[in-house]
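>>> Predicted model, plus sequence, below.
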Amino acid sequence: MKHTTFDTKLTMESRQESKQSDKILYFERDLVGTPTSSRSCSLFDVCSCCGKQNCETLEYFSKTIKKLESDTRLAAEIGQGLLHKHETFVAESNQQTAKLNKQLEECHIRIHDLEQSLEQVESQKDELLQEKNKLCWEHQKRQKMLDETISDLEITNEKCQQLTAELESKNSELEKLRVFKFMVRQSELREETLTSKLEDTYQELAICRKNELLLESKIKKLKTKYESLYNAYEQLTRETNNNGSNPGSMTHHPTFMANNNSNSHQTAVKPAHAKYHQPRPPTKNDDEFVDYIKEISSTNTKLKSDILSYKEQLSEAREEIVSLNQKIQDNTPPDTIYQREIMNNKRKKRAASVKSKDKVQNVPIRSKTTIIPPLPTVSSSMPTTSMGTTGNAASSHGNAIVHHHYHYYVKNNNNEESSTSSCADFDCYDETIITTEKVK
């Protein structure tokens, strides 16, 4: 019933809208059908007030009429367009109502089908309940059978666990045996590699020791040369202080001859420093004497630099020996490490004995903890001015010897045996610097 009332309302509204649209179309056709030019010509050719054709009021009146006609025509066109839109909307609404009616009929049919399917589902539900009761009874029966089988399976599982435990123990024993076999092979290979490395390190140690001995011998030679030069220089300064009036006669002293021989030997070893090692022949002139002293100081500085370089080389060689010993200790097994410690103790004892013998000569000892003390050096700040004044001024002011930290140096030389700290940079001792003041 609701559906039929809704349809009648829609049809009545559509009929009223169609009647109104027909009236608007009839009115527009009347307006559009009569031409404006004919009507204006018939009515307004002659002015009604004055009877003239060229009247201003007539023209104004005709313009307003034309404007109104154009406005009415435009309104008629707009109304016609709106009428067409209304017709299209009415047609669309009719189509939609038809579609909705069809959908409503389909919904009624579907409701009827669903009611039938509901009745079928209820009947199936009853059948399924009966089947469910039957299946529950069967399930209880089979559950009892399953409980019996589970008890049997537990017994068999216990037996299987015992057997698996025995099998795992046997497998673990087999794996241990395989691991031991592999470890034996690896240890044999490692032993071979370690023996080869030990041989190589022993060879490197021998080479480093040879180099160390060579450097020590060079340092001994340089020390002897330096001591001879230093003694000659001290004697020279003493004689110049005693005999300041006759400096030329000191050059014929036997210490200077020994110094010249040592310088000639050093030029044979080091040709690059030959010009510093050959002193000029002494004369009575004080300038030549000062030049000779300068040459001695330059040779002193050269020898000092050589000693420092050799000390650095010796420290590098000792560091290499320490690193090689560390490598040997890392690569050797414990039994060989114990043997190496015994050998090191023997070497330390031997080095201590050699050190006690050569204590007076200050020979560097080949050990890890001992340090070579530096020798007293002569500074290069020699007089540069000529000795133009009298000999008394030279004897009073020149050749003053200053020993810096002499007592500390002697103390370090005396306590050389008790020193165990390894100073790689040789900073443990202070050098004694001998300076000569400028002669005015």
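Done, it's in.
>>> Now for the chain, the helix or strand with the poorest mean pLDDT.
strand 433-434 (a mean of 35; mean pLDDT, DSSP states H and E).
>>> Return the distance of K327 relative to K197.
Distance, K327 to K197, by CB to CB, to the nearest Å: 8 Å. In short, each C-beta sits where N, CA and C put it, glycine included.
>>> List the buried residues of stretch 318-325.
Residues 318, 320-321, 324 are the ones in stretch 318-325 that count as buried (16 or more other CB atoms under 10 Å).
>>> Out of those residues, which is nearest to H108?
L324 (107.5 Å; CB to CB).
>>> Now do the closest one, the pLDDT please.
The confidence metric pLDDT takes the value 78 at L324.
>>> OK, contacts around it?
201, 204-205, 208 (CB atoms under 8 Å, 6 or more residues apart in numbering).
>>> Just the ones of those in helices?
201, 204-205, 208 (DSSP state H).
>>> By neighbours, which of those residues wins?
C208 (18 neighbours; other CB atoms under 10 Å).
>>> what residues are up against it?
Shown in contact with C208 (CB under 8 Å, 6+ apart): 317, 320-321, 324.
>>> at 10 Å instead, please
Applying CB atoms under 10 Å, 6 or more residues apart in numbering, we find C208 in contact with 316-321, 323-324.
>>> Contacts only, for K218.
269, 306-307, 309-310, 313-314.
>>> Repeat the analysis, applying 7 Å as the threshold.
Y310 (CB atoms under 7 Å, 6 or more residues apart in numbering).
>>> How much space separates it from K99?
Applying CB to CB to K218 and K99 gives a distance of 119 Å.
>>> do S228 as well
132 Å.
>>> And these two? Which one has more around it.
S228 (16 against 10).
>>> That one in helix, strand or coil?
State at S228, reduced to three classes by DSSP: H, G, I helix; E, B strand; the rest coil: helix.
>>> How confident was the prediction at it?
For S228, pLDDT reads 87.
>>> and if you look at the one 3 residues further on?
Per-residue confidence for N231 comes out at a pLDDT of 88.
>>> List the buried residues of stretch 205-224.
Quick answer for stretch 205-224 (16+ other CB under 10 Å): 208, 211-212, 215-216, 218-219, 222-223.
>>> can you put the residues you listed in JSON lines and add pLDDT?
Formatted as JSON lines, the buried residues of stretch 205-224 follow (pLDDT from 0 to 100):
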{"residue": "C208", "pLDDT": "82"}
{"residue": "N211", "pLDDT": "84"}
{"residue": "E212", "pLDDT": "82"}
{"residue": "L215", "pLDDT": "84"}
{"residue": "E216", "pLDDT": "85"}
{"residue": "K218", "pLDDT": "84"}
{"residue": "I219", "pLDDT": "86"}
{"residue": "L222", "pLDDT": "86"}
{"residue": "K223", "pLDDT": "84"}
